[in-house]
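S.K.: got a predicted structure here, sequence first:
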Amino acid sequence: MPEGHTVHRLARTFASLYSGQALRVSSPQGRFADGAAVLDGRRLVASEAWGKQLFLGFGPADVSDPQVTGVTSGSDTLWLRTHLGLYGAWTFAGAPDAPEVAHAIGAPRRRIGERETTAPTGPSSLVEPVETQVSTGSTSGAEWIMPDPRGQVRVRLLGDHAVADLTGPTACEVITAEEKTAVEARLGPDPIRDDGDVEAFVAAVGRSRVTVGQQLLDQAVVAGVGNIYRAEALFRAGVDPLRPGRDLPAATVRAIWDDLVTLMRDGAAHGAIVTTRPSDRRYGSATRRERGYVPDLGSGEHKPVLDGRRRTRQNTDGAPDAVPADQAFYVYHRDGLPCRVCGTPVLVKELAGRNLFWCDACQT
Ligand SMILES: [Zn+2]
């Protein structure tokens, strides 16, 4: 499941691609036909994320360019609320010169949000081949051919330069401004948002006997933290994940929040989660098993391990200047491998339905 930084990147991408444009909204699959009909032709006036929720604000169709007229979201704005859940993904395609399609997303056609936390071993890429892209050869712009919907596309958003398809979401609905406020009221503070309220987080953690490891995955306590940020933030804070929240000093909880702000904003800026300090990146390339590869004694080639060992896939995989996936984390998916700081084998245990990874020597 994508963590909050990915959803914030999506929000920025939609703002950059579509802001102010009247969008053609459809549901190729048909399951969202009524909602699509309500939004079709309206202009995108806002694009926001709160935790793992994405909110796209649609104003009336009859205003001219909101960027020019200053029209922003208001009480008459309709919101498309989506949540990717475990299997959802947005796929983008568009003109090569469309902003974001060519830049932050990395390719003219790319999926965001697909099973970011775990994936089977083996070489893989989130970048899909460029299928339909025709350049006019002029500098004034490029033509492109809209791809056919692939798979069960719940909603398709077509703007001036690009198309975005949503498949497999957990949630996809049109809500009013009032209903959006109600959804947000049920969510904890989001460390990536400027309005993220540290004191609300400290209070929520401090009034519960639930373990802090469980609390960090509770979207009502803190929004946007997933399994990777949970494990990594607790390691960096030196906190035992099995400690009840109310036993933690408030200063420690504040420090966890501050670290989440740093880590998650960095993730939103760069598109990948990296929590290791450069000096702690030993045990990385030395461990082939950790990379998901073992030598094939017959051919001498490295083949993916098939024993269930998984690797973490991120959107920057393959980028030459990115921190390699096997060096990006302290404990996540490193069970059985030596702790980067003390060398003790990293532990794993199921907590709140997800595997929790930690070092019981460093986290006391
Ligand atoms: Zn350790």
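M.R.: Alright, I've got the coordinates.

S.K.: who's in contact with the closest residue to the ion within the stretch 201-350 of the chain?
M.R.: Proximity of the stretch 201-350 of the chain to the ion (CB to the ion) peaks at Cys339, 3.0 Å away. Glycine gets a C-beta too; all of them are placed from N, C-alpha and C. For Cys339, the contacting residues are Tyr330, Val331, Pro345, Val346, Cys359, Ala361, Cys362, by CB atoms under 8 Å, 6 or more residues apart in numbering.

S.K.: for the stretch 151-300 of the chain, what spans make up the strands?
M.R.: For the stretch 151-300 of the chain, applying DSSP state E, counting those that start in this stretch gives strands covering 153-158, 162-167, 171-176, 293-295.

S.K.: same for the first one, what does it pack against?
M.R.: Spelled out, it's strand 153-158. Strand 153-158 sits against strand 24-26, strand 162-167, with contacts defined as 3 or more CB pairs under 8 Å, 6 or more residues apart in numbering; DSSP states H and E.

S.K.: of these, which is nearest Asp197?
M.R.: With CB to CB, the closest approach to Asp197 among those belongs to strand 162-167: 29.8 Å.

S.K.: if you average pLDDT over each of the strands of the stretch 151-300 of the chain, which is lowest?
M.R.: Of all the strands of the stretch 151-300 of the chain, mean pLDDT reaches its minimum on strand 293-295 (a mean of 40).

S.K.: follow-up on the earlier one: report the entries of the contacts of Cys339 that also contact the ion.
M.R.: Contacts with the ion within the contacts of Cys339, as defined by CB under 5 Å from the ion: Cys359, Ala361, Cys362.

S.K.: show me what contacts the closest residue to Pro345 other than its chain neighbours?
M.R.: Distance criterion CB to CB, 6 or more residues apart in numbering; nearest residue to Pro345, sequence neighbours excluded, is Gly336 at 5.5 Å. Gly336 makes contacts with Pro345, Val346, Val348, as judged by CB under 8 Å, 6+ apart.

S.K.: quick one: neighbours of the first one, just the number.
M.R.: The burial metric for Pro345, expressed as a neighbour count using other CB atoms under 10 Å, is 14.

S.K.: is it true that it touches Val331?
M.R.: No: using CB atoms under 8 Å, Pro345 is not in contact with Val331, being 10.6 Å away.

S.K.: pLDDT below threshold where in the protein?
M.R.: Along the chain, segments meeting pLDDT under 70 span 63-72, 99-142, 282-313, 315-318.
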